[in-house]
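K.L.:
here is a sequence with its predicted model. Questions after.
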Amino acid sequence: MSENKNPHVDEVKELEAKSATAARLFDIRRIIGGLFVVYGVIVTIAGITASDADLKKAQDININLWTGIGMLALGIFFLVWLKLRPTAPPTPDEDA
């Protein structure tokens, strides 16, 4: 009994694997979550190091600190969502 080795099938499987990896890598939740975490850290640091003059401009509300914490929370939410519900790999077409 001989196995039917078709190089085209191997190429298609390799392409599908690369496509699934690219889909997971460029998932919009990863991009949005990562950007919000990075910017949230920057804005939170700006809020922690705010001077009295900066606080006086904002009526004694440390808006950078609160905004940074909100951005961090949103970014972490997106990353946790990505971890709990990963992108499903694309299904091969029945026609192919």
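P.N.:
Looks like it arrived, so ask away.
K.L.:
so where's this structure uncertain?
P.N.:
1-9, 12, 15-25, 89-96 (pLDDT under 70).
K.L.:
how about the helices in it?
P.N.:
7-25, 28-48, 52-57, 63-84 (DSSP state H).
K.L.:
and the residue nearest to residue 42 when sequence neighbours are not counted, how close does it get to residue 14?
P.N.:
Once flanking residues are discounted, residue 42 sits nearest to residue 68: 7.5 Å by Cβ to Cβ, 6 or more residues apart in numbering. (C-beta placed from N, C-alpha, C; glycine too.) As judged by Cβ to Cβ, to the nearest Å, residue 68 and residue 14 stand 43 Å apart.
K.L.:
more neighbours: which of these two?
P.N.:
Neighbours per residue (other Cβ atoms under 10 Å) separate residue 68 from residue 14, with residue 68 holding more: 21 against 10.
K.L.:
contact partners for the closest residue to residue 71 other than its chain neighbours?
P.N.:
The shortest distance from residue 71 to any non-neighbouring residue, by Cβ to Cβ, 6+ apart, is to residue 40 (3.3 Å). Residue 40 makes contact with 68, 69, 70, 71, 72, 73, 74, 75 under the criterion Cβ atoms under 8 Å, 6 or more residues apart in numbering.
K.L.:
mind giving me the ChimeraX command for buried ones among those?
P.N.:
Those of the contacts of residue 40 that count as buried under 16 or more other Cβ atoms under 10 Å are selected in ChimeraX with:
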select :68,71,72,75
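K.L.:
could you dump the contacts of residue 40 to a markdown table with distance to residue 51?
P.N.:
Formatted as a markdown table, the contacts of residue 40 follow (distance: Cβ to Cβ, whole Å):
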| residue | distance to residue 51 |
| --- | --- |
| 68 | 16 |
| 69 | 19 |
| 70 | 22 |
| 71 | 21 |
| 72 | 22 |
| 73 | 25 |
| 74 | 27 |
| 75 | 26 |
